[in-house]
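> Curious how this folds, go ahead:
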Amino acid sequence: MLLIFFQAVCGHLQIEVVSIKVFPYVWWIQNALRAKFAKKKNQLHYETRTHIRQFTIKNVTGSTASTFLEYIQRNIPEGIAMKVTYDEIAPLPEMIRTKMEVLQQAGEENAKTVPMSEQEKSVVEALLKEGAKQDPESLPSNSPNLTAN
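Numbers count the residues shown, from 1 in each chain. Take a look at the predicted model:
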């Protein structure tokens, strides 16, 4: 029922459904006595089954996603829970893109010897200083390192 509702909403809002995964259900059984001192024949049997579905949609703007979720949440049948996660696709920063282009042009054999730019060095130093403020014991000391063979 929920599957049909979900697909109908996606069709009306022109949202592309990438995948629908059906996971095995979780089965919980609990036996309990009707009264504290009752015999075993007066047991009650409680059972729940949790059916899990994962719907994946893509290429949705923020406003369309919020409208879609609000509509789904308002019209979802009683007894159904929802968990929503957002994954945003963003372009890489310019510094990383240029570094990747240099590495691709240099080839795999020379990729290890490409020097860092001044901007990259300053970023690394800032990160090391920030890490030193949070955990001073994790930074290496000035004493020489002794290694065993």
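> Just checking, which helix or strand of the chain averages the lowest pLDDT?
When each helix and strand of the chain is scored by mean pLDDT, DSSP states H and E, helix 118-134 comes last, with a mean of 74.
> same for that helix, what does it pack against?
Using 3 or more C-beta pairs under 8 Å, 6 or more residues apart in numbering; DSSP states H and E, the elements in contact with helix 118-134 are helix 94-106. For every residue, glycine as well, the C-beta is placed using N, CA and C.
> Give me the angle between the helix it packs on and helix 118-134.
When axes from the mean of the first three to the mean of the last three C-alpha atoms, to 10 degrees is applied, the directions of helix 94-106 and helix 118-134 differ by 120 degrees.
> Check which residues of helix 94-106 are buried.
Applying a neighbour-count criterion of 16 or more other C-beta atoms under 10 Å, the buried positions in helix 94-106 are residue 99.
> Report the mean confidence score over it.
Summarised as a single mean, pLDDT over helix 94-106 is 80.
> Export that helix to CSV, keeping only CA atoms.
As requested, C-alpha coordinates have been extracted for helix 94-106 and formatted as CSV (Å, rounded to 0.1, in the frame of the first residue of the first chain):
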residue,chain,number,x,y,z
GLU,A,94,39.1,24.6,-6.7
MET,A,95,42.4,23.7,-4.9
ILE,A,96,41.6,20.0,-4.9
ARG,A,97,40.4,20.1,-8.6
THR,A,98,43.6,21.7,-9.8
LYS,A,99,45.7,19.3,-7.7
MET,A,100,43.9,16.3,-9.3
GLU,A,101,44.4,17.7,-12.8
VAL,A,102,48.2,18.1,-12.1
LEU,A,103,48.3,14.5,-10.8
GLN,A,104,46.5,13.1,-13.8
GLN,A,105,48.8,15.0,-16.2
ALA,A,106,51.9,13.9,-14.4
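> Show me what that helix is packed against.
Other helices and strands packing on helix 94-106, by 3+ C-beta pairs under 8 Å, 6+ apart, are helix 118-134.
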